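Trainee: output the structure for:
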Amino acid sequence: MIRRAFDTLYLAGGICAAGAILAICLLVSAQVGLNILARLGGPGLSYTIPSYADFAGFFLAAASFLAFPYALRMGAHIRVNLVISRLPQSWTWALELFTLALGAAISAYAAYYAVALTHESWDYGDMSTGIVAVPLWIPQLAMDAGLILLTLAFLQTFVESVLAGRPVIVDAGEA
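Mentor: Residues are numbered from 1 along each chain as shown. Okay, the predicted model is just below:
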């Protein structure tokens, strides 16, 4: 039951990441359309979406960090299968456990400091420098959520691998 709840969280993160990519596409396409309009219609029809590059960057960060946990659980992360495929099964499992533990430690470390940065941005009232000033803690929340979920995904996968006695991540390219 807990596994299903976590997997639902990872899927929600993946869906939000896809939505952020769609937002980037729509935002950039709208600006390109406005640029074409200005070229065809002259300076009188020259318009710009305020801070569109800033918003695209915020959406890109959200898409990246929110997609990490889902990609890990689906086996879509880049793996060194050339090395792994040549190892005995017991070594493969030991290497898997080591990399999952290391990944959990690194992502927990990153999550801790990302949350601290977001808290600092909130405390100091940090704002983006674009035409549209956005409180920086808002886009930083997506990074925090993605890193926290990634840590949970690493830990969940580690526990599942220990209980199974073998690697549980199947490379998406091999499935």
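
Trainee: what sits against R3?
Mentor: Q156, E160 (CB atoms under 8 Å, 6 or more residues apart in numbering). Placement of C-beta: from N, CA and C, glycine included.

Trainee: what helix or strand is it located in?
Mentor: Taking DSSP states H and E as the definition, one finds R3 inside helix 2-41.

Trainee: which residues touch whichever helix or strand comes after that helix?
Mentor: Per DSSP H and E, the first helix or strand lying C-terminal to helix 2-41 is helix 52-73. For helix 52-73, the external contacting residues (CB under 8 Å, 6+ apart) are 7, 9-11, 13-14, 16-18, 20-21, 23-24, 27-28, 30-31, 76-77, 103, 128, 130, 132, 134, 139, 142-143, 145-147, 149-150, 152-154, 156-157, 169.

Trainee: so for helix 52-73, mean pLDDT?
Mentor: Here helix 52-73 scores 96 as its mean pLDDT.

Trainee: determine how far it lies from the middle of the whole chain.
Mentor: Chain-centre distance of helix 52-73: 5 Å, with CA atoms, centre = their mean, to the nearest Å.

Trainee: picking that back up, what angle sits between the helix holding R3 and helix 52-73?
Mentor: 150 degrees (axes from the mean of the first three to the mean of the last three CA atoms, to 10 degrees).

Trainee: what mean pLDDT would you report for helix 2-41?
Mentor: Mean predicted confidence for helix 2-41 is 95.

Trainee: list the buried residues for that helix?
Mentor: For helix 2-41, the neighbour count (16 or more other CB atoms under 10 Å) marks 6-7, 9-10, 13-14, 16-17, 20-21, 23-24, 27-28, 31, 34 as buried.

Trainee: can you count the residues close to T92?
Mentor: Residues lying near T92 (other CB atoms under 10 Å) number 16.

Trainee: before we move on, what about the one 5 residues further on?
Mentor: Counted by other CB under 10 Å, the residues lying close to L97 total 15.

Trainee: in what helix or strand does it lie?
Mentor: Going by DSSP H and E, L97 is in helix 89-124.

Trainee: I'd like the distance from that helix to the chain centre, please.
Mentor: 13 Å.

Trainee: which non-adjacent residue is nearest the most centrally placed residue in the chain?
Mentor: Centroid-nearest residue in the chain: F65, 1.7 Å away (criterion: CA atoms, centre = their mean). For F65, ignoring the flanking residues on the chain, the nearest one in space by CB to CB, 6 or more residues apart in numbering is G146 at 2.8 Å.
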